[in-house]
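Visitor: what shape does this take:
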Amino acid sequence: MKKENIQPLGENILVKPMEAETKTKSGIVIPETAKEDRPQQGKVMAVGDDKKIKVKKGQIVIFAKYGGTEIKVAGQEYLIVKNEDILAVVK
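Guide: Now for the predicted structure:
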């Protein structure tokens, strides 16, 4: 199955999580034990047809830490996140 074949329904949003940072801006390497389990930021890949959805394809969003359902498509990891779990848009 290809990502193009996934169309979220209703108030759901397909998000590709961004990789967690491995180094701080000052150059300090973050060890594996100190990294977050799952990133809370990602790129919107597709949106459902609910009129309440305010985000658009291509935007970078911050979502709830434990929000969303993890799926794997063609070796890539994605999340299907409810509109209510989208906390902010990164500009």
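Visitor: so how many other residues sit close to Pro17?
Guide: Neighbours of Pro17 under the rule other Cβ atoms under 10 Å: 19. Every residue, glycine included, has its C-beta placed from N, CA and C.
Visitor: what does Leu14 give?
Guide: Residues within reach of Leu14, counting by other Cβ under 10 Å, total 23.
Visitor: isn't there a strand covering it?
Guide: Yes: per DSSP: H, G, I helix; E, B strand; the rest coil, Leu14 lies within a strand segment.
Visitor: please name the residues that touch it.
Guide: Counting by Cβ atoms under 8 Å, 6 or more residues apart in numbering, Leu14 touches Lys3, Ile6, Pro8, Val44, Met45, Ala46, Val47, Tyr78, Leu79, Ile80, Val81.
Visitor: per-residue pLDDT of it, please?
Guide: pLDDT for Leu14: 96.
Visitor: and Gly48, what does it touch?
Guide: Gly48 makes contact with Gln7, Pro8, Leu9, Gly10, Glu11, Asn12, Ile13, Asn83, according to Cβ under 8 Å, 6+ apart.
Visitor: make sure I have this right: the third one is in a helix.
Guide: Right, the one you point to is Leu9. No: according to three-state DSSP, Leu9 belongs to no helix; its state is coil.
Visitor: partners of the lowest-mean-pLDDT helix or strand in the chain, with directions?
Guide: In the chain, the helix or strand scored least confidently by mean pLDDT, DSSP states H and E is strand 69-73, which has a mean of 92. If you go by DSSP bridges, strand 69-73 pairs up with strand 76-82 (antiparallel).
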